[in-house]
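*Asks:* What shape does this take:
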Amino acid sequence: MNSIVILSGPSGVGKTTIGYKLISNHPNFFEKIVTTTSRSIRDGEKNGIDYYFISKNQFEKKIEQGDLIEYAQVHGNYYGSTYSELHRILEAGKIPMYIVDPQGAIYLKNSLSNDFLVTSFFILPPSIDELSNRVTNRGTESEEQIKIRMENANYELQTKNKFDYNIVNDDFDKAIEDFEKIFKNNLGFIK
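*Replies:* Predicted coordinates:
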């Protein structure tokens, strides 16, 4: 049975940074599922690498056509993943890694578990105050967007028990080490 890894947690917890580090440490094992979004591209992001950026209307057409495994509306924007992206990575002989919000992660885990060995990770901040600082300091959202993200984070943190593993991202190197121990010792993904 093919394996899938899901990394999740509230906005600003470091899930994308952790995911990219794990993939760069083990490029022969993991590849990030590039999700599709209707949100605007941020400085430094690349279409087809960070996300597939499309309009809200284009996203809604994908919903109507049944092209999406899952999708969610988060912070006023759509996010979702396509069947073709999942199959592209599996055909390359790699383990797909989803880096998604908790709502999408729970749905993915439930919908894919019959056909795949799905392992889910919830990344926790050291504290809600530290999470707020991270979201504010990255400087990519307005005050209103930060407020929405922090309100959502309070709810999302309550979903942590729906995941196979919880890892606190207080010290980045320690968090990576924790992931790699689980990948090696519990799951046998890496040597």
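
*Asks:* who's in contact with the lowest-mean-pLDDT helix or strand in the chain?
*Replies:* Scoring the helices and strands of the chain by mean pLDDT, DSSP states H and E places helix 128-137 at the bottom, with a mean of 79. For helix 128-137, contacts defined as Cβ atoms under 8 Å, 6 or more residues apart in numbering pick out 10-14, 125, 141, 146, 149-150, 153-154, 157, 170. C-beta coordinates here come from the backbone N, C-alpha and C atoms, glycine included.

*Asks:* biggest separation within those, which pair?
*Replies:* Using Cβ to Cβ, these span at most 22.6 Å, a distance reached by 141 and 170.

*Asks:* More neighbours: which of these two?
*Replies:* residue 141 (17 against 13; other Cβ atoms under 10 Å).

*Asks:* Model confidence score at that one, please.
*Replies:* Per-residue confidence (pLDDT) for residue 141: 75.

*Asks:* before we move on, the earlier item: alpha carbons of the least confident helix or strand of the chain, as CSV, please.
*Replies:* What follows is helix 128-137 as a C-alpha-only set of coordinates in CSV (Å, rounded to 0.1, in the frame of the first residue of the first chain):
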residue,chain,number,x,y,z
ILE,A,128,-0.3,30.9,21.4
ASP,A,129,1.6,34.2,22.0
GLU,A,130,4.6,32.9,20.1
LEU,A,131,2.3,31.9,17.2
SER,A,132,0.8,35.3,17.1
ASN,A,133,4.3,36.8,17.0
ARG,A,134,5.3,34.6,14.1
VAL,A,135,2.2,35.4,12.1
THR,A,136,2.7,39.1,12.7
ASN,A,137,6.4,39.2,12.1
